[in-house]
Structures are given as structure tokens and as C-alpha cells.
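**Q** for reference, the sequence and a predicted model appear below.
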Amino acid sequence: MSAAERLRALHVPGDPLVLPNAWDVGSARAVAAAGYPVVATSSAAIAHTLGGADDDTLAPFDFLARMAAAVDVPVTADVEGGYGLAPRELAARLLDAGIAGCNLEDTDRRAGGLKDPAQQAAYLAQVREAGLVVNARVDAQLRGGTLAEGLERARVYAQAADCVYPIHVTSADDLAAYVEACGIVNATALPDSPPFARLRELGIARVSFGGGTYKAALTAALDLAARYVGDAAAAG
């Protein structure tokens, strides 16, 4: 099986693919060494690592290639809105980097607002046809829209992509509605998200942490430093 075929086969409703997102070679290797079958990247974490912004302008293909070359499992990359590239060009750049799949959001960071759903679906379909596993991010509710608006977009994207990702939707009822409408759904692991067992019951096929693992790593590093300083002060 190709890396894309392996990745696609792991999207099973009720048996979620868990993705503690990585942001560099070291974290990618740590995820793979821990036994996870796929490494997913976080665009926000990579942008912060490289000193940039998560605004669809930083296209870190060389950085992604280093991550993909460092592990023996498929890598799926968060590529925001596609960095303004045509779908075939984006797909070619990702495939050249050894990437098996990608997240694509429907926020238009250049024009503002959300992209036209039909045009976005056509973009998604071309990226998928080029050989990548496509996770279609639905930003409607993230941007203050209704569940109905999110579901309308999700149904369109589900015809063109492998998985639909209503980002930061944590209501069990809302997630169940997306599963019913689309079948293969990605949920975000957040403090107020349903527990993992409940996500399984809802039929979720994929759970990702986004920038959460990066933030947790930074917090742990700062906590370690603070404890060291505190211990030194107490000893002195």
C-alpha cells in the first residue's frame, strides 16, 4: 500500500485515528516512536517554530519534507488554505515533499470570510485526484456561523474529500449531526470536547490535537524551568 492508501484506510468511524500533531522533526519522531501510525502537522505550531504567522502565507514545503523523511509512517500536513497555490501545484509540492495527506480550510485569509463552497469543493477534488488524502476543514461554526451552515458546507465537501473536519466543534450533538451527514469526520481534542469513549460512540473517524501538543510542550518546558529555579532558590 502507498502511504496515502495506508492513511485513508485508517479513517474508520467509531475507531478514531488519533493525531497528536507534530511541529518539527523531533516531535514527528516522538509521535512515531510512541506507536502512532500517522504523523499530522500543525500549521500554527510550525509557523511559530519558524517565526512566522498562521496566516496562509508561510509555505514550509522543505520543512515538511524533513519531517516526512524522518519517519516511516504517513505524514498528513495542515496546509491552511493552500498558500494561494493552484490545487495541482499544491498537490505536486506536497507529493514531492513525501506528504500523504493534507488539511485544507475554507477560510479565505486573503479576501476575508469563507470561500464559496462549490469552488472549495472543486479545489479539494483536484488535490485528492492528484493522490493526496484530503481532510476538508469546515470553519463555519468557528467563525460564528450556525450548525446548519456548517452542515451545508460539510455535505458539499464530503463529495470531494476523504474526511470532513468541523474544527473546534465540541458539542456531541453537533458532531453526531456531522457524522450523520458526512460519514467520515475529524473531531478536535479540546478540554471541553467529549471524552474519547464518547467520540467513538458518536462514530468519529479521526481526532486531532491541532496546536495543543505544541502548547503543552511549551508549558511543560516552562514549568520545568520554573521548578528548577524554585528548587535552587529553596536550596540557597
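**A** That came through fine. Residues are numbered from 1 along each chain as shown.

**Q** now the longest strand belonging to the chain - C-alpha only, CSV.
**A** Criterion DSSP state E: the longest strand present in the chain is strand 133-138. The C-alpha atoms that make up strand 133-138 are tabulated as CSV, following Å, rounded to 0.1, in the frame of the first residue of the first chain:
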residue,chain,number,x,y,z
VAL,A,133,-5.8,12.1,1.3
VAL,A,134,-7.8,15.3,1.8
ASN,A,135,-9.3,16.5,5.2
ALA,A,136,-11.7,19.3,4.4
ARG,A,137,-11.9,21.8,7.3
VAL,A,138,-15.2,23.5,7.9
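
**Q** direction included, what does that strand pair up with?
**A** strand 101-104 (parallel), strand 163-166 (parallel) (DSSP bridges).

**Q** and after the last one, which helix or strand comes next?
**A** Remark: after strand 163-166, the chain's next helix or strand is helix 172-182, criterion DSSP states H and E.

**Q** quick one: list the elements packing against that following helix.
**A** Helix 172-182 sits against helix 147-158, strand 163-166, helix 196-202, with contacts defined as 3 or more Cβ pairs under 8 Å, 6 or more residues apart in numbering; DSSP states H and E. From N, CA and C alone the C-beta is placed, and that goes for glycine too.

**Q** quick one: mean pLDDT over the shortest one.
**A** Translated: strand 163-166. Strand 163-166 carries an average pLDDT of 98.

**Q** Thr76: which of the helices and strands packed on helix 172-182 is closest?
**A** Ranking these by distance to Thr76, with Cβ to Cβ as the measure, places strand 163-166 first at 9.8 Å.

**Q** how about the closest one: buried residues?
**A** Residues of strand 163-166 classed as buried: 163-166 (neighbour count, 16 or more other Cβ atoms under 10 Å).

**Q** all helices for this structure, in order.
**A** Assigned helices in the chain, in chain order: 3-9, 25-33, 43-49, 61-69, 87-96, 117-129, 147-158, 172-182, 196-202, 212-235 (criterion: DSSP state H).

**Q** buried deepest among the ones you listed, which one?
**A** Compared across the helices of the chain, helix 43-49 shows the largest average neighbour count, a mean of 21 (mean count of other Cβ atoms under 10 Å).

**Q** what bits of the protein have low per-residue confidence?
**A** Scanning the chain for pLDDT under 70 picks out the ranges 232-233, 236.

**Q** repeat that with 90
**A** Along the chain, the parts satisfying pLDDT under 90 run over 1, 110, 228-236.

**Q** how about Trp23, nearest residue that isn't a chain neighbour?
**A** For Trp23, ignoring the flanking residues on the chain, the nearest one in space by Cβ to Cβ, 6 or more residues apart in numbering is Ala45 at 3.5 Å.
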